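[1] compute the structure for the input listed below.
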Amino acid sequence: MSSSSSSDSTAIEETKFIGSVMAKTIAYYQNRLGETSRARSKLRNPQLRRNHEVGHYRLIEDYFADDAIYAVKFRRQFRMRKEPFLCIVGDLEGRFPYFQWKMDTERVKGFSPIQKCRATIRQLAYGMGADKWDEYFRMSECTVRECVYEFCKAIYLVYGQRYLRKPTINDIHQLYTVHEGKHGFPRMLGSIDCMHWSWSLCPNAWRGQYTRGDHKEPTIILEAITSHDLWIYHAFFGPNSANNDINVLDQSPIFNHIYLGKSHDVPFQANRVAYKRGYYLTDGIYPPLSVFVKSFTCPNDPKIKEFKEAQESARKDVE
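    All right, here's what the predicted structure looks like:
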């Protein structure tokens, strides 16, 4: 009996000891968490009184008033004319609550549609940081990023069905007719080429793969197809500058609709040879495919010289 009672008392003491250790441990970490949260609250930046309306009226005075200060620089700063910009602002404001000028819970006016669209266009056009325009637009970094996301999503929903699409059969016939009348190339769909976009804010870890010897700073490649009226109905953006046009073409989804059997075949004949679809004007680096019409390197025949000049002139649409 004595041995059993001593073992029971030992177990009780061990249980009490373990319980006291656990209680002290929990109390210790609770105090640490409380100190950390208090320290974070002290380090947290205070809410700034940015006065959104001041930023709006400054923007109106600089670019949109009848006697705007920088009216002559509108196209350079916005990368478009005033009329298309105001049309975009009106379309987004009328369809999406995010771009409407509303008041918050404190009855303070938020950002205007012009402020949100202007901050987005500025960041997309110049590729600078989201906190670059805080002093002028009175916008925080997270707000500018949110504006960019909502703007891109809204643009796709509003204009995607009209502009961001593949040509239909009617579009193809119209392209055939216009290109033949303007450039003299029958059954021409457009011009394809690649260009390099400067990326001055490229992360240091990626600079090696996005830098080429013929460019002073990192660049990103854009592959595009455009028509006579600068309708860009194909754009493949993102490959690093170490690629050439052929490497970009291998990665591009330009011919995926043909592989999947979803292309619109509008056949024609040239020199008694039947072709299923039209062609694109390219420079000399592209592979010898039936969908590509390239120029000649060193022509000697007068007819070939004339063709070379016409082909290079028509290809300027995309360049």
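[2] what about residue 216, neighbour count?
    10 (other Cβ atoms under 10 Å). The way it works is simple: take the backbone N, C-alpha and C, and place the C-beta from them, glycine included.
[3] can I assume it sits in a strand?
    No - checked against DSSP: H, G, I helix; E, B strand; the rest coil, residue 216 lies outside a strand; its state is coil.
[4] strands of the protein, start to end?
    188-198, 219-226, 232-240, 268-270, 273-275, 279-281, 292-293 (DSSP state E).
[5] I'd like to know which elements the first one is packed against.
    I take that to be strand 188-198. With contacts taken as 3 or more Cβ pairs under 8 Å, 6 or more residues apart in numbering; DSSP states H and E, strand 188-198 sits against helix 169-183, strand 219-226, strand 232-240, helix 245-251, strand 279-281, helix 302-315.
[6] try 6 Å this time
    Judged by 3 or more Cβ pairs under 6 Å, 6 or more residues apart in numbering; DSSP states H and E, the packing partners of strand 188-198 are strand 219-226, strand 279-281.
[7] need the winner for burial among those.
    strand 279-281 (a mean of 23; mean count of other Cβ atoms under 10 Å).
[8] partners of it in the sheet?
    When pairs are called by DSSP bridges, strand 279-281 turns out to pair with strand 188-198 (parallel), strand 292-293 (parallel).
[9] ok, residues contacting it?
    Contact with strand 279-281 is made by 189-192, 291-293, 311, 314-315, as judged by Cβ atoms under 6 Å, 6 or more residues apart in numbering.
[10] now do stretch 79-91
    By Cβ under 6 Å, 6+ apart, stretch 79-91 touches 74-75, 78, 113-114, 117, 125, 158.
[11] which of these ranks first by neighbour count?
    Busiest of the contacts of stretch 79-91 [other Cβ under 10 Å] is residue 117, holding 23 neighbours.
[12] quick check: the residue lying closest to that residue once chain neighbours are set aside vs residue 96, distance?
    Distances taken as Cβ to Cβ, 6 or more residues apart in numbering place residue 89 nearest to residue 117, at 5.0 Å, with adjacent residues excluded. According to Cβ to Cβ, to the nearest Å, residue 89 and residue 96 sit 11 Å apart.
[13] these two - which one has more neighbours?
    Neighbours per residue (other Cβ under 10 Å) separate residue 89 from residue 96, with residue 89 holding more: 19 against 16.
[14] can you list phi and psi of residue 139 for me?
    phi -120, psi 140 (degrees, to the nearest 10).
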